[in-house]
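Novice: Have a look; sequence and predicted model below, questions after that.
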Amino acid sequence: MATTSKNMKVFYRQKKNNTTGGRGITKSKSSKSTKNPSPKNAATFGSDISQPPTLIFHGGSLDLKDDFDEQEQFLRQFDMNMAYGPCLGITRLARWERAQRLGLNPPKEIENLLNGGKVKSECLFDGRV
């Protein structure tokens, strides 16, 4: 085994570049400091330069609030739970009913929310995938 590793070192021998004349690593001498380069339009704390226009609200502040309530959040958790089967191409209520038929015991609160009619019937990934 030792001869194989020795042969590999010979085969992949590296040549060192001696352009420094044996003095080691040299630094280029430039007048500008490159320690902390800062681009002209760098984003800083409190700046909205790096934010895309879709996140800028009409009043000038960032619009980081989601457009769904607690019920929709609960339904999205149901959509992401693969224990009840896939959710693409099927409404949330049909998925809940299918999981109930298969004995997967989906949460009863989901059925109550979906039968209430005040939430979207499409799953989270509908139209995105």
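Specialist: Yes, it's here. Numbers count the residues shown, from 1 in each chain.
Novice: List the buried residues for stretch 69-77?
Specialist: By 16 or more other C-beta atoms under 10 Å, the buried positions in stretch 69-77 come out as 71-72, 75-76. Just so you know, the C-beta spots here come from the backbone N, C-alpha and C atoms, and that holds for glycine as well.
Novice: and after the helix or strand of the chain with the lowest mean pLDDT, which helix or strand comes next?
Specialist: Lowest mean confidence among the helices and strands of the chain (mean pLDDT, DSSP states H and E): helix 2-11, at a mean of 67. Where DSSP states H and E defines the elements, the next helix or strand beyond helix 2-11 is helix 70-80.
Novice: can you dump the C-alpha coordinates of that following helix into CSV?
Specialist: Extracted in CSV, the C-alpha atoms of helix 70-80 (Å, rounded to 0.1, in the frame of the first residue of the first chain):
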residue,chain,number,x,y,z
GLU,A,70,-54.3,32.8,12.2
GLN,A,71,-56.8,30.5,10.5
GLU,A,72,-54.9,30.6,7.2
GLN,A,73,-51.7,29.8,9.2
PHE,A,74,-53.4,26.8,10.7
LEU,A,75,-54.6,25.6,7.2
ARG,A,76,-51.1,26.1,5.8
GLN,A,77,-49.7,23.9,8.5
PHE,A,78,-52.3,21.3,7.4
ASP,A,79,-51.1,21.8,3.8
MET,A,80,-47.5,21.2,4.7
